[in-house]
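# Show me how the following folds:
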Amino acid sequence: MKTDLNKNYWEHRYQNDQTGWDAGQVTQPLKEYTDQISNKELKILVPGAGYGHEVLHLAHLGFENVTVVDFSVSALRNLKARLPEKCNYQLIEGDFFEHNGTYDLILEQTFFCALEPDLRPSYAQHCFDLLVKKGKIAGVLFNFELTEKGPPFGGSLTEYQNLFTPYFEFRTLEACYNSIKPRQGNELFFIFEKSTTAK
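So this is what the prediction gives:
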């Protein structure tokens, strides 16, 4: 397990342009998913958004209530500078696991895979806690062998089923057909709905 994936680590990566995971634009799975959401008043959380290309796309689509939580102040400043002036999104420098709020939707784009793997149970629990009744978490998860080398850290469909089943009803968990080229064959698209029976 890596022990240096803290605020200083991520801030250093952004300050030194060491952001090889950044696609430069909203990725197609997130674009197509958010394009079809009609309710623009949904409260949406994007944890670990980095430069926030999906957040910019939400602004373009007219979503009104979006919150971003990220360790890196440099990434947040970059995102704020590119958001429309009229956009009142909440950009919070902080730790996702210490964040409190209530959301209809959590968007997942390369945050989960950047966490130390032993934090994954806490991630599933905290997402559950942050969502309203029948709230959803949606996005992409990597589908390649989990090793100690990372980030990004991989995982498998079976692992994700075991991890999220206690908290969520699975609406979709399948191979992405529209991944960007470097990630083709290595991504799963998912939509999980907060379970009404979990505690």
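# going forward, measure contacts between C-alpha atoms and count neighbours the same way
OK.
# So which residues of this structure form strands?
Under the criterion DSSP state E, the chain contains strands at 43-47, 65-70, 90-93, 103-108, 131-142, 168-175, 187-194.
# Where does pLDDT dip in this protein?
Counting by pLDDT under 70, the chain has low-confidence residues at 1-25, 146-150, 179-183, 185, 199.
# Which stretches in it count as helices?
In the chain, the segments counted as helices under DSSP state H are 7-15, 28-35, 53-61, 73-82, 120-130, 157-164.
# Turn the strands of the chain into CSV, columns for distance to Q161 and mean neighbour count.
As requested, the strands of the chain are exported to CSV (distance: least, CA to CA, whole Å; neighbours: other CA atoms under 10 Å):
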stretch, distance to Q161, mean neighbour count
strand 43-47, 21, 24
strand 65-70, 26, 22
strand 90-93, 30, 16
strand 103-108, 16, 23
strand 131-142, 12, 22
strand 168-175, 9, 17
strand 187-194, 10, 22
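# now the ones you listed in a markdown table, with distance to S156?
Supplementary listing: the strands of the chain in a markdown table, determined by distance: least, CA to CA, whole Å:
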| stretch | distance to S156 |
| --- | --- |
| strand 43-47 | 21 |
| strand 65-70 | 25 |
| strand 90-93 | 30 |
| strand 103-108 | 16 |
| strand 131-142 | 7 |
| strand 168-175 | 11 |
| strand 187-194 | 9 |
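# among the ones you listed, which is nearest L83?
Of all the strands of the chain, strand 90-93 sits nearest to L83, with 10.8 Å by CA to CA.
# Partner strands of the closest one, with direction?
strand 65-70 (parallel) (DSSP bridges).
# Deepest-packed of the helices of the chain, please.
Comparing the helices of the chain by mean neighbour count (mean count of other CA atoms under 10 Å), helix 53-61 ranks first with a mean of 19.
# What is that one packed up against?
On a contact count with 3 or more CA pairs under 8 Å, 6 or more residues apart in numbering; DSSP states H and E, helix 53-61 meets helix 28-35.
# tell me what the helix it packs on is packed against?
Other helices and strands packing on helix 28-35, by 3+ CA pairs under 8 Å, 6+ apart, are helix 53-61, strand 131-142.
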